[in-house]
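Peer 1: Quick one, structure for this:
(2 chains)
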Amino acid sequence: MTDAALATPEPAAPERLGVISWESGPRKLVTVYLPLACFVIVLLFPFYWMAITTFKPNNELYNYKDFNPLFVHSPTLANVKKLFFDTDYPQWLWTTMLIAIAATALSIFASVLAAYAIQRLRFRGANWVGLAIYLAYLVPPSILFIPLAAMVVKLGLFDSPFALILTYPTFLVPFCTWLLIGYFKSIPYELEECALIDGASRLQILRKITLPLAVPGLISAGIFAFTLSWNEFIYALAFIQSSEKKTLPVAVLTQLVQGDDYQWGALMAGALFGSIPVALFYSFFVDYYVSSLTGAVKE
Amino acid sequence: MNHFNRRDTLALGVGALAATTLGTGASAAIPTANVEAPKLDIEKGASLRVLRPTKFVDPDETIFNANTQSFAKATGVQVKVDYSAWEDLRPQTAVTANTGAGPDVVLGWTDDPHLYSDKLVELTDIAEYLGKKYGGWYPLAERYGKKFGTNNWIAIPFGGSGGPSVYRISWVKEAGFDKFPTNLDDFLKLCRKLKEIGHPAGYTFGHATGDGNAFCHWLVWAHGGYMIDENQKVMINSKQTIEALKYGKALFESFIPGTQSWLDPSNNKALIAGEIAATQNGVSLYYSIKNSSDPKIAAMAPDLDHARMPVGPVGHGTETALAINSMVFKHTKYPNAAKAYLAYMMELEQYDKWLTGTYGYWAQPLKAYEQSDVWKSDPKIAAYKDTMKDSLWYAFKGPINEASAAVVADYVMVDMAASVATGAATPEEAAAEAERRAKRYYKTG
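Peer 2: Below is the predicted model of the structure:
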């Protein structure tokens, strides 16, 4: 090797004939756009199906020979009208919203305290406590609902919204706690040490330093908790019996499935409009949500 | 004062009966005996909560609620009725039974009172009264209402939904049959012919709570097979079962493809879409087509008819019935009010309106109601009239208990028939596997 060769590196080799670079259109198409398109189709198809079924008349729903099932040929609002005016759908939405918001707020409050204690106070056995909380999340609701029902009855909460507001945290708190432990871990401890030196108490640090920095994590936990509460079925089925107090997932089935006669149009309308509040939640806070999952605060 | 005794209640009931009869004359043909009602001193300040399955047609709920209001007006007992989706009723009943909270009265499913018999108020007095007054209970009603091996009533069956065949008249004729077959050989011939002319039949081999269980049990029972005997010995692995499975495979090959994956709504959808010529269903399918707001669907109704499922070598019908079976839980503070409510709802002036309004979907458990006008209103629904008279219960020939309920819930019979039909197992292998699974539940294996 000569000195000249060392001093002047060879210019980047031009693209060889027949080899596609990472930046080339065809490669991007294959490695990025095509997989992305597959994901989008798989994820959005159920929503598309819900939407077109909502606006299809019954004869189109059942007749695949004369009507392409992927399109609406004669759109109708009959299913939407049935849902909103022939059922108690607005009442169910309101009840579900109240229960989901209350259970989420309660769970986030408890989870913040638990996660902060486990992550920052570093008491003996903190890791084991964290693990135990996580294990509680692994117990399926289908096993828990009978013993929980006994407790709900003894507390006099049966057939009351509080039965759900107070039992949903049994699966929300473990999940949110673990999510927040991870987020608190990403907040530099030095910030809290500075506050301690300045004389701040633990609660002041939590309120004035940690929580403002953990807003993306809180929002992320809130979105998850709200979604889980919104969709929950088995506790809502077991602990609520009055028709007017039922939540959306249970009530829709009660009024729109009559024996083996499924009113698909109205059911899909119920599912479509029921998913809108959750979709709005996600769309408003998507930046926080992404940053919480990727860890926004770096040391 | 809202304290009504038997005489008050009876007097009010008679008044209501007179009003109804004068108003419509509809119930005049139903024979009743002059029987004294049991003395039920309704508790002072009583109120009731009732849980029942959701309506299958609108009149089911409106008439039931009207009858309930009529009871409240007559007795002063306030009654709140809650409705639950059919699949959700069982877990709600389980929670009620296990926590001792919730509704006083549950109109549950067939097996449920037998699973919680020690938590229920005995209903023998009102059951015997109703039986004497209305010509007696059908055998299946007694089976569902009485605690096994005793004469003690723990439930009042409100009615049963049968599963005859519903078929397209024109296509069956096109296949060369003037009437729907009544024996197994002709039934197989019909199904094969229907396939040839491009309008196959479709009976459910899938995990459909109602349709799958009804068809596969009919298939095995028609050949003389059965799951359990009177002493709870598992008997499914028999030569009769093997014959049934071979026949089932032949039938399956003539059906529209895919019936092994059908759920309860699947056959409804296929019939409405004009994809199949025959299937097995409650009267709801005919009702929904006949009353459809879509003129194209409603136009199908004149071409539909019903027929009892064909009879096999056993020589008698082997359909089953899904029953609404009402029970009163011991945790109620007002057992007399609850019993009075159930008796009131079964009385002529209330029950006949409900039976007629629901198009006989929940066919009567009391013999006198076979004279109801509903059975004369449309000859096409006559196949449902004797649902509670000559159907079998899922635990046939054994008792209804946790094990029998679990065997049905786990689709042991359905899986056995489907595995042979689809070629996944030989009849011998499938029967042996079903026997093994059933023995685990009966703890005899």
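
Peer 1: Now for B:G282: which residues touch it?
Peer 2: For B:G282, the contacting residues are A:G259, A:D260, B:F56, B:S161, B:G162, B:G163, B:G210, B:L322, B:Y361, B:Y384, by Cβ atoms under 8 Å, 6 or more residues apart in numbering or on different chains. Placement of C-beta: from N, CA and C, glycine included.

Peer 1: Filter those down to just the ones in strands.
Peer 2: B:S161, B:L322 (DSSP state E).

Peer 1: Let me see the domain layout of chain A.
Peer 2: A:25-76, A:82-294 (automatic domain parsing).

Peer 1: quick one: low-confidence parts of chain A?
Peer 2: Under the criterion pLDDT under 70, the flagged ranges of chain A are A:1-23, A:293-299.

Peer 1: Enumerate the residues of it near chain B.
Peer 2: Within chain A, the positions adjacent to chain B are A:57-59, A:62-65, A:145-146, A:149-150, A:152-153, A:158-159, A:234, A:237-239, A:241-243, A:250, A:253-255, A:257-262 by Cβ under 8 Å from any Cβ of the partner chain.

Peer 1: Any part of stretch B:190-205 near chain A?
Peer 2: No - counting by Cβ under 8 Å from any Cβ, chain A has no neighbours in stretch B:190-205; the shortest distance is 10.3 Å.

Peer 1: Give me the distance from that stretch to the chain's centre.
Peer 2: 26 Å (Cα atoms, centre = their mean, to the nearest Å).

Peer 1: same deal with stretch A:216-223?
Peer 2: 10 Å.

Peer 1: and it, C-alpha only, in PDB?
Peer 2: Only the C-alpha atoms of stretch A:216-223 are listed here, as PDB (Å, rounded to 0.1, in the frame of the first residue of the first chain):
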ATOM      1  CA  PRO A 216     -45.900  11.200  28.800                       C
ATOM      2  CA  GLY A 217     -45.700   8.100  30.900                       C
ATOM      3  CA  LEU A 218     -48.800   9.100  32.800                       C
ATOM      4  CA  ILE A 219     -50.700   9.700  29.600                       C
ATOM      5  CA  SER A 220     -49.600   6.400  28.200                       C
ATOM      6  CA  ALA A 221     -50.700   4.600  31.400                       C
ATOM      7  CA  GLY A 222     -53.900   6.500  31.300                       C
ATOM      8  CA  ILE A 223     -54.600   5.600  27.700                       C
END
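
Peer 1: Now the residue sitting nearest the centre point of chain A: closest residue in space that isn't a chain neighbour?
Peer 2: Note on chain A: the residue nearest the mean C-alpha position is A:F224, at 3.6 Å, using Cα atoms, centre = their mean. Computed as Cβ to Cβ, 6 or more residues apart in numbering or on different chains, the closest residue to A:F224 that is not its neighbour in sequence is A:F175, at 6.4 Å.

Peer 1: Does B:G317 belong to a helix, a strand or coil?
Peer 2: Under DSSP: H, G, I helix; E, B strand; the rest coil, B:G317 falls in the coil class.

Peer 1: which residues touch it?
Peer 2: B:R308, B:M309, B:V311, B:D390, B:S391.

Peer 1: what does B:V311 give?
Peer 2: B:T182, B:N183, B:L184, B:A222, B:G317, B:T318.

Peer 1: Show me where the stretch 1-150 of chain A has its helices.
Peer 2: A:3-7, A:25-28, A:34-54, A:58-62, A:78-85, A:89-116, A:126-137, A:141-154 (DSSP state H, counting those that start in this stretch).

Peer 1: Turn those into JSON lines, including mean neighbour count and distance to B:L304.
Peer 2: Converted to JSON lines, the helices of the stretch 1-150 of chain A look like this (neighbours: other Cβ atoms under 10 Å in any protein chain shown; distance: least, Cβ to Cβ, whole Å):
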{"stretch": "helix A:3-7", "mean neighbour count": "8", "distance to B:L304": "91"}
{"stretch": "helix A:25-28", "mean neighbour count": "12", "distance to B:L304": "58"}
{"stretch": "helix A:34-54", "mean neighbour count": "13", "distance to B:L304": "26"}
{"stretch": "helix A:58-62", "mean neighbour count": "21", "distance to B:L304": "15"}
{"stretch": "helix A:78-85", "mean neighbour count": "18", "distance to B:L304": "24"}
{"stretch": "helix A:89-116", "mean neighbour count": "20", "distance to B:L304": "33"}
{"stretch": "helix A:126-137", "mean neighbour count": "14", "distance to B:L304": "52"}
{"stretch": "helix A:141-154", "mean neighbour count": "16", "distance to B:L304": "40"}
